[in-house]
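**Student:** test case, fold it:
(one chain, ligands or ions: 1)
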Amino acid sequence: MKNVIDVKNLNLTYNANSQKPFYALKDVNLQVTDGDFVAIMGPSGSGKSSLLNVLASLQAPTNGEVLIDDQNIWQLNANQLAKFRGQKLGFIFQEYNLIESLSVFDNIALPLSLAKAPTATIKAAVNHVATLLHLTEQLNKFPSELSGGQKQRVAAARALVHQPKLIFGDEPTGALDSANAREMMNYLSKINAEQHISILMVTHDGFSASFANKIHFLSDGQIVQTLERGNQSRETFYRAVLDFLGTFEE
Ligand SMILES: Nc1ncnc2c1ncn2[C@@H]1O[C@H](COP(=O)(O)OP(=O)(O)OP(=O)(O)O)[C@@H](O)[C@H]1O
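**Tutor:** Now for the predicted structure:
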């Protein structure tokens, strides 16, 4: 199976040239196969966001390689990287990052408008993802008129509209109540299964993580354990995750 993400010997050191360097990521090796759904868990400060930011091309590593769809992303210049990000990646963050002055339609359309796609293409793609995420009634509204769950779905629709290769999620259910969190995770599973888009998501929540096929646990900047769902039901996997977290966080 082809790797959509291949991370080799990744290191990230904050304040590298100071008296007190901080080794946030230490020799991380990680592969995500095409179509996989992977979660990263770990205690606060273990390096989850740092890892996601380096993989999502938002923060440069100190050394090591990040190949996404066979492209060594940290060898690209800023313009090439912006283009690569715009074409291949989608982002869903906890804080939604919606633009308040744009309608829901225009927020969702953003990746395609930035890529200067034809109007008809944009219309068709936005309507398609809006149907998938039950947002057709909300398209003419503005973000301030939406509930938290609806805003998160708009963020998901925007991450999806340009058919990226890979979606990065940073606590995609972090701001949601349990019913909306379940709904969001069901949508992500559907996107993953039906559109064959790979997902890498950071979460502190075992319930959300149990929708993934594989969970890597980080501690002090290193992957210390990996759980695979295999043929288990999501419910059984959830119990295995909770059991593991019980021993891991003690
Ligand atoms: N810009 C920075 N400069 C120095 N240290 C930093 C910087 N950003 C993060 N760190 C440190 O790196 C470590 C990892 O941070 P990171 O945000 O990746 O952890 P996390 O696992 O995502 O934590 P949380 O679950 O609390 O969000 C932490 O100890 C943090 O204090």
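
**Student:** what's around the closest residue to Thr33 other than its chain neighbours, how many residues?
**Tutor:** Nearest residue to Thr33 in three dimensions, chain neighbours excluded: Met1, at 4.3 Å (C-beta to C-beta, 6 or more residues apart in numbering). C-beta coordinates here come from the backbone N, C-alpha and C atoms, glycine included. Met1 is flanked by 8 other residues according to other C-beta atoms under 10 Å.

**Student:** helix, strand or coil for the residue nearest to Ser44 when sequence neighbours are not counted?
**Tutor:** Spatially, and ignoring its direct neighbours in sequence, Ser44 is nearest to His204 (7.6 Å; C-beta to C-beta, 6+ apart). What DSSP: H, G, I helix; E, B strand; the rest coil gives for His204 is coil.

**Student:** count the neighbours of His204 for me.
**Tutor:** Using other C-beta under 10 Å as the criterion, the residues surrounding His204 number 17.

**Student:** what does this structure have sitting close to the ligand?
**Tutor:** 14-15, 22, 24, 42, 44-50, 204 (C-beta under 6 Å from any ligand atom).

**Student:** give me phi/psi at Ala124?
**Tutor:** phi -60, psi -40 (degrees, to the nearest 10).

**Student:** quick one: contacts for it?
**Tutor:** By C-beta atoms under 8 Å, 6 or more residues apart in numbering, no residues touch Ala124.

**Student:** switch the cut-off to 10 Å
**Tutor:** Shown in contact with Ala124 (C-beta atoms under 10 Å, 6 or more residues apart in numbering): Ala117, Pro118.

**Student:** all strands for this structure, in order.
**Tutor:** Here the chain has its strands, by DSSP state E, at 3-14, 22-33, 37-41, 63-68, 71-72, 89-93, 166-170, 198-202, 214-219, 222-228.

**Student:** neighbouring strands - and their directions - for the fifth one?
**Tutor:** Each strand that pairs with strand 71-72, with its direction, by DSSP bridges: strand 63-68 (antiparallel).

**Student:** which residues touch the strand it pairs with?
**Tutor:** Residues contacting strand 63-68 (C-beta under 10 Å, 6+ apart): 3-13, 25, 27-32, 54-57, 60, 72-75, 84-85, 88-89, 165-166, 198.
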